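[1] Have a look at this prediction, sequence included:
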Amino acid sequence: MDRATRLLRLRLTDFRGYAALDVDPGPAANVFFGPNGAGKTNILEAISFLAPGKGLRGAETEDVMRHDADSRAAAWAVYAEGEGADGPLTLAAGAREGQRRETRLDGSPATRAALARSFPMIALQPEEDRLFAGPRSERLKFLDKLIAASHPGHGEALLAYDKLRSRRQRLLDEGRADPAWLDALEGDMAGHGVAIAASRLDALARLQAEIDAAPESAFPKAELALEGETEGDLARGLLAGEAEDALKDRLFDGRRRDGASGRTLSKGPHRTDLTARHRAKDRPAGECSTGEQKALVVRLALSHAAVLERTLGSVPLLLLDEACAHLDADRRAGLAGALSDLGAQSYLTGVERGLFDAFGGETRFFSVASATVKAA
């Protein structure tokens, strides 16, 4: 039987508005409700620091340190006890002022790969409600975030590619770059770029297969596709080495243009787009209503959770900020049923408890006001 990733205890110290917070979550849905600005999302952000990446909001270490008009904390910490893919575990994340964040698994420094394998997690944020009508870069970031939850090497390849791209751009901006040095940088970029594209194609194929196989529900199915030169090269059957050569050629040909524009316009994996169509309506997702787009995004997250369950043998923990915003009553009930069927522990936020009337059974409710949390 597959395990579900769960937190049994969560403790925050000097994190955002919380000087100290100790929460005992329930095994299923955990709902934090209260007015805007009460500190609900801060709790989900704290949990997200227990996974690979930069956290729910992409905040820097200094940003989450508790402070007020008179004082500032010298350190912050998030501690959790839980159950992961391989059994009981402890997780901790934190940093002292001026230092980088450190994450520990069972008392030892944790690698991205160990966190992704032992404690998989998926997060959705309110700004993703209109994902398909927004900027291309946000769709790509969303897809890469999902992939990194199960392919820790994908996140590392993205970091390496972006660092190399920045170095190349600085050399081009200076206008006196050694061609041999640019050749070396672009060769390394091509290697990481093809690895990124291959991970995306594999993840998208698994995600589409899960969507296709799932029964109809309150959340519509999407037809997904990747629009990118390198992804296209691999999809057409080019070998990895051939795709790397093609990407190196595009970077070489674009040097003058990239230098003149001050940004990398050459078509690499950083310019790929994730496209989607609402299958039932045969309509581009970006033309759908906000509620329909939100429903499509929720379907993607739930389907990816099912993919992780199959590949890792563990149901991921779900963070759903403003979970019920833009969802009608039928879809709110559908979300409650889907989370229950998945067997996931989830953390949801909303401004009113009434939005979660369809959540029953083992759901645990917490009221949040002015960074004070009470079991409701």
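    Received the coordinates, thanks.

[2] When you work out contacts or count neighbours from here on, use the C-alpha atoms and nothing else.
    Will do.

[3] Give me the most central residue, this protein.
    The centroid of the chain falls nearest to residue 145 when counting by CA atoms, centre = their mean (3.5 Å).

[4] and that residue, what helix or strand is that in?
    Using DSSP states H and E, residue 145 sits within helix 136-148.

[5] helices and strands around that helix, which ones?
    If contacts are counted by 3 or more CA pairs under 8 Å, 6 or more residues apart in numbering; DSSP states H and E, helix 136-148 sits against helix 152-174, helix 179-213, strand 273-278.

[6] Mean pLDDT added to the ones you listed, as JSON lines?
    Formatted as JSON lines, the helices and strands packed on helix 136-148 follow (pLDDT from 0 to 100):
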{"stretch": "helix 152-174", "mean pLDDT": "92"}
{"stretch": "helix 179-213", "mean pLDDT": "96"}
{"stretch": "strand 273-278", "mean pLDDT": "96"}
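
[7] Make TSV out of these and add mean neighbour count and distance to residue 356.
    Listed next are those as TSV, based on neighbours: other CA atoms under 10 Å; distance: least, CA to CA, whole Å:
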stretch	mean neighbour count	distance to residue 356
helix 152-174	18	33
helix 179-213	19	25
strand 273-278	20	26
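
[8] Out of these, the one nearest residue 28 is which?
    With CA to CA as the measure, helix 179-213 is the member of those nearest residue 28 (22.6 Å).

[9] any idea how far that closest one is from the chain center?
    18 Å (CA atoms, centre = their mean, to the nearest Å).

[10] Helix or strand next in line after it, which one?
    Counting by DSSP H and E, what follows helix 179-213 is strand 222-227.

[11] What residues of stretch 109-121 count as buried?
    Across stretch 109-121, burial judged by 16 or more other CA atoms under 10 Å covers 110, 112-113, 115-121.

[12] With stretch 86-102 instead?
    Neighbour-count burial for stretch 86-102 [16+ other CA under 10 Å]: 89-96, 101-102.

[13] And stretch 126-143, by the same measure?
    128-133, 138-140, 142-143.

[14] hang on, the earlier thing: and the buried residues of stretch 86-102, which of them are in strands?
    The strands, defined by DSSP state E, take in 89-96, 102 from the buried residues of stretch 86-102.

[15] Can you pick out the most distant pair from those?
    Across these, the two lying at the largest distance from each other (CA to CA) are 89 and 96, at 23.5 Å.

[16] burial measure for residue 32, as a count.
    28 (other CA atoms under 10 Å).

[17] likewise residue 20?
    There are 15 residues near residue 20, going by other CA under 10 Å.

[18] cool, and residue 245?
    For residue 245, using other CA under 10 Å, the count is 17.

[19] name the element the nearest residue to residue 172 once chain neighbours are set aside belongs to?
    Spatial nearest neighbour of residue 172, excluding adjacent residues (CA to CA, 6 or more residues apart in numbering): residue 259 at 4.7 Å. In the assignment (DSSP H and E), residue 259 maps to helix 255-261.

[20] can you check residue 7 too?
    Counting by DSSP H and E, residue 7 is part of strand 6-15.

[21] For that strand, which helices and strands make contact with it?
    Against strand 6-15 (3+ CA pairs under 8 Å, 6+ apart) you get strand 18-23, strand 75-84.

[22] Among those strands, which comes closest to residue 315?
    strand 75-84 (9.2 Å).

[23] orientation of that closest one relative to strand 18-23 in degrees?
    10 degrees (axes from the mean of the first three to the mean of the last three CA atoms, to 10 degrees).

[24] Report pLDDT for the closest residue to residue 351 other than its chain neighbours.
    Distances taken as CA to CA, 6+ apart put residue 34 closest to residue 351, at 4.7 Å, once the chain neighbours are dropped. You'll see residue 34 listed with a pLDDT of 96.

[25] quick one: contacts for residue 34?
    Contact analysis of residue 34 by CA atoms under 8 Å, 6 or more residues apart in numbering lists 40, 350-353, 367-369.

[26] can you tell me which residues contact residue 89?
    81-83, 105-106.

[27] what about residue 271, how many neighbours?
    Neighbours of residue 271 (other CA under 10 Å): 16.

[28] That one: what's it in contact with?
    Residue 271 touches 137, 228, counting by CA under 8 Å, 6+ apart.

[29] Recalculate using a threshold of 6 Å.
    Contacts of residue 271 were listed using CA atoms under 6 Å, 6 or more residues apart in numbering, and none were found.

[30] ok, it to residue 6 distance?
    36 Å (CA to CA, to the nearest Å).
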